[in-house]
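Trainee: need the 3D shape of this:
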Amino acid sequence: MKNKRSPYLSYSPEVADAIAKKLPLVALESTIIAHGMPYPKNVETALSVEQIVRKTGAIPATIALIDGRLKVGLTESEIDLIGREGQKVTKCSRRDLPFILQQKKTGATTVAATMIVAAMAEIRFFATGGIGGVHRGGADSMDVSADLQELAQTPVAVISAGVKSILDLERTLEYLETHGVPVIGFDTEEFPAFYTRQSGLSVDYKISDPAQLAEALHIKWAIGMKGGALIANPIPEIHSMEKAAIDQAIEAALQEAAEKNIRGKAITPFLLAKVEQLTKGSSLKSNIQLVYNNARLAGELAVAYSQL
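Mentor: Modelled structure (predicted):
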């Protein structure tokens, strides 16, 4: 099924059926499959995330570029293809979409690209691990993720465990504030730091009820305000890492990246892989659990929003 507004957008049968029946939908990205985890753990995690969304009563819509189409909803074989190809799959942000479509390459969508496609499909909620942000040293390098601008202009609520802690959290929050992006802590007043629940930084609003949060977002879009929202959902306490240990691993990874002059698109996958190595796999386990937690909340929010 093709979207009436774009010949490049197509839905899986499950997603098409959900749209026809006006069922709640949750967008899921594919970069986390191709570039965020090793195979086959990436595929196992992606399929588990979809099942978690279904258990809330919502329908998962994993998004990727395949054969010149923006695919909203992937089959298990398509998810396996992206997971198996891994780093060979092109990482797609906003600037890449038309070119990867024209070349009919397989592309994994970042947070920014997933938001764009989700908005095209009129999906309001998107679960991920952590968004991109201002990189450390970004005040000089101007290395700022396109995710932040997308949040400022695209009407999709992103549920994440905050910002990837390899980044500059404080400057990222300042950037979001400047562009009017609300940062809502789900049942927390403190902005989570991805692997840990603590950052020492505050959110704009604490909301503990999915129905109230869904209503606030409904009002935001109903009164014509553009842009999305960042829902900061802390990793469950039982899976949270010890802050000093993860900070030490991140500093070591950043130093090695600087020594090897790794930057641009390659920096985030390198840092995440290095942190996983330095923590002997503990960071990957935490990453998986926080994604599960975000998928669950996103499903609950989508269901609550659909009832308004």
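
Trainee: and the pLDDT at residue 156?
Mentor: On the pLDDT scale, residue 156 is placed at 98.

Trainee: sorry, that was for residue 1
Mentor: On the pLDDT scale, residue 1 is placed at 43.

Trainee: and for residue 245?
Mentor: In this model, residue 245 is scored at 87, pLDDT.

Trainee: next SSE downstream of the strand or helix carrying residue 70?
Mentor: Element membership of residue 70 [criterion: DSSP states H and E] is strand 69-72. Once the chain leaves strand 69-72, the next helix or strand it forms, by DSSP H and E, is helix 76-85.

Trainee: list the buried residues for that following helix?
Mentor: Judged by neighbour count using 16 or more other C-beta atoms under 10 Å, the buried positions of helix 76-85 are 78, 79, 80, 81, 82, 83. For glycine as for every other residue, the C-beta is placed from the backbone atoms N, C-alpha and C.

Trainee: cool, stretch 49-60 as well?
Mentor: Within stretch 49-60, the residues scored as buried using 16+ other C-beta under 10 Å are 49, 50, 52, 53, 56, 58, 59, 60.

Trainee: what's the span of it from first residue to last?
Mentor: With C-alpha to C-alpha, to the nearest Å as the measure, the ends of stretch 49-60 fall 8 Å from one another.

Trainee: residue farthest from the centroid of this structure?
Mentor: Here the centre of the chain is the reference, and by C-alpha atoms, centre = their mean the most remote residue is residue 259, at 28.5 Å.

Trainee: against residue 270, how distant is that residue?
Mentor: 12 Å (C-beta to C-beta, to the nearest Å).

Trainee: with residue 234 instead?
Mentor: Remark: distance between residue 234 and residue 270 (C-beta to C-beta) = 26 Å.

Trainee: more crowded one of the two?
Mentor: residue 234 (23 against 17; other C-beta atoms under 10 Å).

Trainee: for the more buried one, give me the pLDDT.
Mentor: 98.

Trainee: so it touches residue 159, yeah?
Mentor: No. Because the distance of 11.5 Å does not satisfy C-beta atoms under 8 Å, residue 234 is recorded as not touching residue 159.

Trainee: got any residues that touch both of the two?
Mentor: Taking C-beta atoms under 8 Å, 6 or more residues apart in numbering as the contact criterion, the common neighbours of residue 234 and residue 159 are residue 186.

Trainee: so what's residue 196 bridging to?
Mentor: Applying DSSP bridges to residue 196 yields these beta-bridge partners: residue 193.

Trainee: this protein: strands as residue ranges?
Mentor: 2-3, 6-11, 25-28, 59-66, 69-72, 90-92, 107-109, 125-127, 157-160, 183-186, 205-207, 229-232 (DSSP state E).

Trainee: out of the ones you listed, which comes closest to residue 37?
Mentor: Using C-beta to C-beta as the criterion, the shortest distance between residue 37 and the strands of the chain is 11.9 Å, found for strand 107-109.

Trainee: low-confidence bits of the chain, can you list those?
Mentor: Within the chain, the stretches falling below the threshold (pLDDT under 70) are 1-5, 265.

Trainee: all helices for it, in order.
Mentor: Listed from the start of the chain, the chain has helices (DSSP state H) covering 13-20, 31-34, 41-55, 76-85, 97-103, 111-120, 138-141, 146-153, 169-178, 210-222, 243-259, 267-278, 282-306.

Trainee: hey, which of those is tucked in deepest?
Mentor: With neighbours defined by mean count of other C-beta atoms under 10 Å, none of these is more surrounded on average than helix 31-34, at a mean of 28.

Trainee: for residue 204, which non-adjacent residue is closest in space?
Mentor: The spatial neighbour of residue 204 that comes closest, neighbours along the chain excluded (C-beta to C-beta, 6 or more residues apart in numbering), is residue 183 at 4.9 Å.

Trainee: who's the one you found bridged to?
Mentor: With DSSP bridges as the criterion, residue 183 is bridged to residue 230.

Trainee: how many neighbouring residues does it have?
Mentor: A count of nearby residues for residue 183, using other C-beta under 10 Å, gives 21.
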